[in-house]
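S.K.: Pasted the sequence and its predicted model underneath.
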Amino acid sequence: MEERADVTAPDPTAGTAAPRPTSAPPPGERATRRRIGAEIWIVLGLSLGRSAVYAVVNIVARLTEGTPLAQQSTTLNPSRSPRPYLDLTYQLLSIGFALVPVALALYLLSTHGRSAVRRIGLDGGRPWRDLAVGTGLAAVIGIPGLGLYVAGRALGVTVEVQAAALNAAWWTVPVLVLAALQNALLEEVVAVGYLMERLRDLRWGAPAIVVTSALLRGSYHLYQGWGPFVGNVVMGLVFAEYYRRRRRVMPLVVAHTALDVVAFVGYALLPDAWLEAVGVG
């Protein structure tokens, strides 16, 4: 008997490439705007927005407790432990964790491989110019700001602000400088660089963006009274307008750091008589 060869039917798919999965269509403009809006609320809820809510509750509590604002006080940079090295540990942990929202904001701005540091001008590309501009801004804001604080104390609309209450130790001044830098990075990166970029992505108008950034800055200082609220809104308008024109946040960080270093270290080191003479003691 003749042996028949085994013939297999050809595979119609042989030699053809596997079909590629189709990519999802890009989200529409409305979905993108909703996502950016949710992102803004999350970032602010983890940082300055949360501080603003607490500050509003705090000023309401102060106004309704029956004691005039002029007779109330608040303390910045308090000691956290009577044991010096434990206090230092708490201070450094507080500063470090306070910078996490800054890292988050920069990460979220680094879309499509763009450098958020360069996008908002936080880089060191022009250090001497940033230092000069920052020092000038600190002088323009700081001197009138001190006058506004003194006037607010005289009018009874500002609480007494104790800028530093750390126990005397070898690390007191370095920690106060780090606290000043932390405040500057948090406020200028989040309230100016991040917020203004995201509101710009939402196609807000320039006046609305500047005013929103300034009001946010003033709101989380409300716990100090109405004088610091007004002063910080004015500072916010100046800083936000500078950023809108120059798109650089580094000079603002320099200015803010300088202001806080003078306030914190000066309060810790100057004699009480000098502080009382200018109404901050």
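M.R.: Looks like it arrived, so ask away.
S.K.: Could you use CA atoms for every contact and neighbour count after this?
M.R.: Fine.
S.K.: just the strands in the stretch 1-150 of the chain please.
M.R.: Assigned by DSSP state E, counting those that start in this stretch, the stretch 1-150 of the chain shows strands spanning 73-75.
S.K.: low-scoring stretches of it, by residue?
M.R.: Judged against pLDDT under 70, the low-scoring parts of the stretch 1-150 of the chain cover residues 1-26.
S.K.: Run through the helices of it in chain order.
M.R.: 29-45, 48-64, 84-98, 100-109, 116-119, 127-155 (DSSP state H, counting those that start in this stretch).
S.K.: gap between the residue nearest the centre of the chain and residue 114?
M.R.: Residue closest to the mean C-alpha point of the chain, counted by C-alpha atoms, centre = their mean, is residue 187 at 2.4 Å. The span separating residue 187 from residue 114 equals 22 Å under the rule C-alpha to C-alpha, to the nearest Å.
S.K.: Kindly report the same for residue 165.
M.R.: Here the distance between residue 165 and residue 114 works out to 41 Å (C-alpha to C-alpha).
S.K.: circling back: quick check, the residue nearest to the centre of the chain in contact with residue 49.
M.R.: No - under the criterion of C-alpha atoms under 8 Å, residue 187 lies out of contact with residue 49, with a separation of 10.8 Å.
S.K.: Contacts only, for the residue nearest to the centre of the chain.
M.R.: Taking C-alpha atoms under 8 Å, 6 or more residues apart in numbering as the criterion, residue 187 is in contact with 48, 217.
S.K.: can you confirm it is in a strand?
M.R.: No - with DSSP: H, G, I helix; E, B strand; the rest coil as the criterion, residue 187 is helix rather than part of a strand.
S.K.: Next, find the distance separating it from residue 68.
M.R.: From residue 187 to residue 68 the distance is 29 Å (C-alpha to C-alpha).
S.K.: just to revisit the earlier point, residue 165 and residue 114 - which one has more neighbours?
M.R.: Of the pair residue 165 and residue 114, residue 165 is the one with more neighbours under other C-alpha atoms under 10 Å, namely 16 against 11.
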